[in-house]
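Trainee: requesting a structural model of the entry that follows:
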Amino acid sequence: MRKLLSIIILPALLLCSCTAGSEDIPSEWPWNDPDADNKPWVEVTDGRFGALPEGVKLYHSPEVLNAKKAEAYIATVDLGKHEFHVWSIYDPELDGSQDVLQTPKQIYNENGSPVLVINGGFFYVSDDVNYPASLAVENGKLLSPNINYVSEDWVSIYNPTKAAFIQHANGSIEAAWTYFADANNHYVYQNPAQNAYGATPLQAPDANFPEQATAFEAKTAIGAGPVLLKNGEIRNTWRWECLPGDYDVNCLGLAPRTAIGVTADGLLVLFVCEGREMTEGVPGYSTEDVAKLMLEFGCKDAINLDGGGSSCLLVNGQETIKPSDGMQRSVGSCVYIK
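Mentor: Prediction:
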């Protein structure tokens with residue numbers, strides 16, 4: 001049986017690019033302009049997070065990034081040398097899970113000390129049962145689909161298409177939108193259904209709506225939202241994914257953020273930033289801000305992951321940013337790189 005899910009009415013429970021050297025920086029990147037506001041991201045090579053293996057690079061933001069004081073990191077991963085993995089609580093039918101929420105450090109300790117770990121998708125807790133609210137696939141196995149309906153008032157029920165970052169079996173990677181009707185009707189779209197809170201709900205997505213779909217298939221995947229970039233264009237489809245602009249996910253506000261993306265030449269990109277004044281004067285970013293940063297970094301596709309107190313990036317098990325809860329939050333999914 002499906003259970004009505006809302007990422008809106010549970011604000012306390014929804015806990016909710018890429019330089020290898022100057023010769024590799026595309027000419028349109030703003031930090032090539034000596035008069036630009038942004039200074040270059042700086043590759044971290046001083047060993048403060050331990051030795052990084054070949055194919056993994058870590059960059060620290062300049063003090064001011066896109067006109068805001070920043071404390072942010074980006075890791076780039078050559079997937080020819082490393083593997084992209086997802087851990088999640090297990091709930092393939094959206095009925096709830098007895099699996100335990102875990103911190104990124106616990107995932108680090110329990111999965112062979114991966115070089116990178118970031119928090120993943122949305123989740124919530126109700127009546128002592130843990131619910132993932134976002135897609136998770138590992139080694140071809142569906143651990144959790146994206147939630148398939150939401151509401152603000154439980155009068156108007158919406159069936160949104162939700163963000164997914166998908167590594168296909170052939171190795172290609174894309175950001176897209178998905179809808180899970182049941183195990184036999186799980187769809188991927190190149191554009192979202194244009195649902196929006198306050199508007200008349202659209203029909204439930206299917207094989208032909210909002211456009212011709214493909215059957216969902218993934219080797220590895222993580223969901224959350226919104227989609228930030230698709231085919232090199234900023235999309236930031238929070239409204240159409242029925243994500244709130246000003247509370248919970250707070251897409252319009254400034255907050256700690258986590259995002260995942262891919263460059264045109266296949267580098268995986270992991271982004272995390274502080275917010276909420278954990279470092280004095282650092283407010284964080286909106287999802288629009290993060291979309292612009294990921295695009296400037298050379299990503300073609302990217303999605304926003306869970307943020308706020310969930311935002312965390314571990315490098316060799318060490319925290320890069322200060323979690324806004326004051327400690328790592330136990331979360332429903334993580335991405336890790338081995």
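Trainee: so what secondary structure elements neighbour the helix or strand harbouring Leu58?
Mentor: Taking DSSP states H and E as the criterion, the element that holds Leu58 is strand 56-60. Helices and strands touching strand 56-60, by 3 or more CB pairs under 8 Å, 6 or more residues apart in numbering; DSSP states H and E, are strand 42-43, strand 72-78. From N, CA and C alone the C-beta is placed, and that goes for glycine too.
Trainee: which one, of those, ends up nearest to Gln194?
Mentor: strand 72-78 (31.2 Å; CB to CB).
Trainee: what does the closest one contact?
Mentor: Under the criterion CB atoms under 8 Å, 6 or more residues apart in numbering, residues 17-20, 41, 44, 54-61, 65, 84, 116, 263, 267-274, 293, 297, 313, 315, 320-321, 337 lie in contact with strand 72-78.
Trainee: in its sheet, what does that strand sit against?
Mentor: Strand 72-78 has its sheet partners listed here by DSSP bridges as strand 56-60 (antiparallel), strand 267-273 (antiparallel).
Trainee: now the helices: where do they sit in the stretch 51-200 of the chain?
Mentor: Taking DSSP state H, counting those that start in this stretch as the criterion, the stretch 51-200 of the chain contains helices spanning 104-110.
Trainee: so Leu293: helix, strand or coil?
Mentor: Of the three states, Leu293 takes helix under DSSP: H, G, I helix; E, B strand; the rest coil.
Trainee: please tell me how far it sits from Glu217.
Mentor: For Leu293, the distance to Glu217 under the criterion CB to CB, to the nearest Å works out to 30 Å.
Trainee: which one of those two has more residues nearby?
Mentor: Here Leu293 and Glu217 are set side by side on neighbour count (other CB atoms under 10 Å), and the busier one is Leu293, at 27 against 14.
Trainee: tell me the pLDDT of the more buried one.
Mentor: Reading off the per-residue confidence, Leu293 sits at a pLDDT of 97.
Trainee: contact partners for it?
Mentor: Listed by CB under 8 Å, 6+ apart, the contact partners of Leu293 are 65-66, 72, 271, 285.
Trainee: go with 7 Å
Mentor: Contact criterion CB atoms under 7 Å, 6 or more residues apart in numbering gives 66, 271 as the residues in contact with Leu293.
Trainee: try Thr103
Mentor: Going by CB under 7 Å, 6+ apart, Thr103 touches 328-330.
Trainee: if you rank those by neighbours, which is first?
Mentor: Neighbours here are counted as other CB under 10 Å. On that basis the top member of those is Arg329, with 21 neighbours.
Trainee: that one reaches Gly309, doesn't it?
Mentor: Yes. Between Arg329 and Gly309 there is a contact at 4.9 Å, judged by CB atoms under 7 Å.
Trainee: contacts only, for Asn195.
Mentor: Contacts for Asn195 were tallied using CB under 7 Å, 6+ apart; they are 158, 160, 201-202, 240, 242.
Trainee: could I get these as CSV with distance to His168 and pLDDT?
Mentor: CSV is the format used below for these (distance: CB to CB, whole Å; pLDDT from 0 to 100):
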residue, distance to His168, pLDDT
Tyr158, 28, 98
Pro160, 23, 98
Pro201, 31, 98
Leu202, 27, 98
Trp240, 24, 98
Cys242, 26, 97
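Trainee: so which of those residues sit within strands?
Mentor: Residues from the contacts of Asn195 lying in strands, with DSSP state E as the criterion: none.
Trainee: only the buried subset of those, as a PyMOL command please.
Mentor: Only the buried entries of those go into this PyMOL selection, using 16 or more other CB atoms under 10 Å:
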select buried, resi 158+160+201+202+240+242
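Trainee: what number of residues lie near Thr200?
Mentor: Residues contacting Thr200 under the criterion other CB under 10 Å number 8.
Trainee: give me the pLDDT for the spatially closest residue to it that is not a sequence neighbour.
Mentor: Nearest residue to Thr200 in three dimensions, chain neighbours excluded: Ser156, at 7.9 Å (CB to CB, 6 or more residues apart in numbering). According to the predicted model, the pLDDT of Ser156 comes to 97.
Trainee: quick one: Ser156 and Tyr124, what's the gap?
Mentor: For Ser156, the distance to Tyr124 under the criterion CB to CB works out to 20 Å.
Trainee: between the two, point out the one with more neighbours.
Mentor: Neighbours per residue (other CB under 10 Å) separate Ser156 from Tyr124, with Tyr124 holding more: 23 against 14.
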